[in-house]
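1. Got a predicted structure plus its sequence, pasted below:
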Amino acid sequence: MLQLLAEIAMILGVEAEPEHTASRAGDVRHSSADLSAAARDLGWHPTVSLSDGLRRTVDWFALRAN
């Protein structure tokens, strides 16, 4: 999450200060997300990097905010 926050802050050109709070019911404590099963079973591979995808998302929202 900290990496994601840093990436979004960089795209927006702002400084982000994470606020650490106590866990809540339903929070995911650990994740081992892995795309290898999608690649193996479906032949799917990402074509957009996380950074580029976030930038595209920010741009999309910015166009609709005006």
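-> That came in fine, so what should we check first? Source: prediction; values computed, not measured. Numbering: from 1, shown residues only.

2. What segments of the chain are helices?
-> Assigned by DSSP state H, the chain shows helices spanning 2-12, 36-42, 50-65.

3. Of the ones you listed, give the one that comes closest to residue 30.
-> The minimum distance between residue 30 and these falls on helix 2-12, with 14.7 Å, by CB to CB. For the C-beta atoms, the positions are set from N, CA and C on the backbone; glycine is no exception.

4. sorry, back to before: pipe the helices of the chain into JSON lines and attach distance to residue 30 and mean neighbour count per row.
-> Compiled in JSON lines, the helices of the chain are given as follows (distance: least, CB to CB, whole Å; neighbours: other CB atoms under 10 Å):
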{"stretch": "helix 2-12", "distance to residue 30": "15", "mean neighbour count": "13"}
{"stretch": "helix 36-42", "distance to residue 30": "18", "mean neighbour count": "9"}
{"stretch": "helix 50-65", "distance to residue 30": "19", "mean neighbour count": "11"}
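
5. Output those helices in TSV; the columns should cover mean pLDDT and distance to residue 28.
-> Below are the helices of the chain laid out as TSV (pLDDT from 0 to 100; distance: least, CB to CB, whole Å):
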stretch	mean pLDDT	distance to residue 28
helix 2-12	94	13
helix 36-42	95	18
helix 50-65	94	18
